[in-house]
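Undergrad: Pasting the sequence and the predicted model now:
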Amino acid sequence: ACAQLQLAAPVALVFAPGSVPGDLPRPLPFRDVQETEIPVNLRTSVTSRYETVYRSTTAREEAALDVATAREADAALHLLQDASVGSLTLYVVPETSPLLPQGVSVYVGKHRSALVRAGGGLAALRTRLQQLTQVMSFTATSIAAALSDRVPDGQLGPDARRHLKSSLGYEITFSLLNPDPKSHDVDWDIEDAVNRYVQPVLDKLSLVANFSVDSQILYYAVLGVTPRFDKESSSFLLSTHSLPHVINPVEARLGSSAASLYPVLNFLLYVPERSHSPLYIQDKDGAPVPTNAFHSPRWGGIMIYNVEAPASPQASLPLHVDVDMVRVMEVFLAQLRLLFGLSREELPPEFLLESPGNEGLADWELDRLLWAHTVENIATVSTTLTSLAQLLDKIGNIVIKDDVASEV
């Protein structure tokens, strides 16, 4: 059976006074439809359909654009928009507009809109529109990654099959590993950190799935790899190729995820024992990794948290350690984004991206995730129903309860 999906995204291209190109095909307002077929395999294709409305700004939108900065404009325009999930609104401002900093042609806000500097006529504007949909909406790459089980080997990049599969729920576990409690008395305020930094992100992701969060402290849990001592830096090193061997022995101590209904995401904070401190992770070129952390696709991430040696050798043990949860959560939230495939696209230098703030992801990033999970779920349903139909073809008689039949 052939599967054909159509993804339709509503787009509004809104012109501020003084920004309308002279080569528009007809007077504002008007509509335009762009369709592109994305082949997945011989039996599956996806059609992207961008339905664009070209119009002028309303009086209230003009007032919202009459502010000092692009960030203020983004906030003011958000209040005026009835932006449905998956929609985009692109505001074209005059070439001389002070809203956009010098050298910036496109500002991508944290909701579902962007500001575009006019100039170059309709062709240049359509190029900008195409670039923005690549950033803020679904792309051929993101759809192929969502349908990775159906895409022939060799047609996808190395990261396409590394994202978490779609699920009704995910369980997140934060674990503090203290292999040397005789030397280190480690204190982490994980409850406050989750409420302050993680929960706003999970609230935003609640449209995608349900999340549960728990935490634990594990004592005498050591890494499965003995780090190498480096005389020059007087430190211990973990090389990139040894990192996969770190997880298995630790995983045995984390508690079984076999009983879980949903995928489990593990985030581990490891405080090295005194005999292996300080401990640093090296990248493939031998340079220290700035975050001193690494992530494992579809599993989670590990961060190594070094404790400064006491100033006096006679210092009493164990040393009391208060973990800097801001630094730790910055790393874990970045890893959470990677696990969901929310890494930022490479952008042209004239693009400026607004920070999503404490929500951790912009509205349009949430939309990208919803597009991908929706396509993946449709493909899964299609495969399941096809298998069921083939099975029923082979069964002569089957008993179906009345209540089941009424639901079909």
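TA: That came through, no problem. Numbering: from 1, shown residues only.
Undergrad: Run through the helices of this protein in chain order.
TA: 59-65, 70-80, 121-136, 140-146, 190-193, 199-204, 244-251, 325-339, 363-394, 402-407 (DSSP state H).
Undergrad: where do the strands sit along the stretch 101-250 of the chain?
TA: 106-108, 113-117, 169-178, 184-187, 210-219, 228-230, 235-238 (DSSP state E, counting those that start in this stretch).
Undergrad: Need the mean per-residue confidence for the first one.
TA: What that stands for is strand 106-108. The pLDDT scores in strand 106-108 average 96.
Undergrad: elements contacting it?
TA: strand 113-117, helix 121-136, strand 351-353 (3 or more CB pairs under 8 Å, 6 or more residues apart in numbering; DSSP states H and E). C-beta: built from backbone N, CA, C; applies to glycine.
Undergrad: From the chain's centroid, how far away is the longest one?
TA: Counting by CA atoms, centre = their mean, to the nearest Å, helix 121-136 is centred 23 Å from the centre of its parent chain.
Undergrad: from now on call the first residue 28
TA: Got it, the first residue is 28 from now on, which makes the last one we talked about helix 148-163.
Undergrad: domains of this protein?
TA: 30-177+370-412, 196-366 (automatic domain parsing).
Undergrad: Relative to K421, which of these is closest?
TA: domain 30-177+370-412 (15.4 Å; CB to CB).
Undergrad: okay, the domains of the chain in TSV with distance to G423 and mean neighbour count next?
TA: Below are the domains of the chain laid out as TSV (distance: least, CB to CB, whole Å; neighbours: other CB atoms under 10 Å):
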stretch	distance to G423	mean neighbour count
domain 30-177+370-412	20	17
domain 196-366	35	16
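Undergrad: now those as JSON lines including distance to K421?
TA: Shown next, in JSON lines, are these (distance: least, CB to CB, whole Å):
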{"stretch": "domain 30-177+370-412", "distance to K421": "15"}
{"stretch": "domain 196-366", "distance to K421": "31"}
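Undergrad: Ok, which of these comes nearest L418?
TA: Comparing the domains of the chain under CB to CB, the one sitting nearest is domain 30-177+370-412, at 10.5 Å.
Undergrad: circling back: would you list the strands of the stretch 128-277 of the chain in TSV and tack on distance to D351?
TA: Formatted as TSV, those follow (distance: least, CB to CB, whole Å):
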stretch	distance to D351
strand 133-135	31
strand 140-144	35
strand 196-205	13
strand 211-214	11
strand 237-246	17
strand 255-257	25
strand 262-265	20
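Undergrad: so which of these comes closest to A286?
TA: Closest among the strands of the stretch 128-277 of the chain, once you apply CB to CB, is strand 196-205, at 10.4 Å.
Undergrad: Who are the packing partners of the closest one?
TA: strand 211-214, strand 237-246, strand 291-297.
Undergrad: Same list (these) but as CSV, adding distance to L419 and mean pLDDT.
TA: Output for the helices and strands packed on strand 196-205, formatted as CSV (distance: least, CB to CB, whole Å; pLDDT from 0 to 100):
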stretch, distance to L419, mean pLDDT
strand 211-214, 58, 94
strand 237-246, 32, 95
strand 291-297, 35, 95
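Undergrad: Nearest to S433, out of those?
TA: strand 237-246 (28.1 Å).
Undergrad: Outside of the closest one itself, list whatever touches it.
TA: 195-206, 208, 213, 217-218, 221, 225-226, 229, 232, 280-282, 289 (CB atoms under 8 Å, 6 or more residues apart in numbering).
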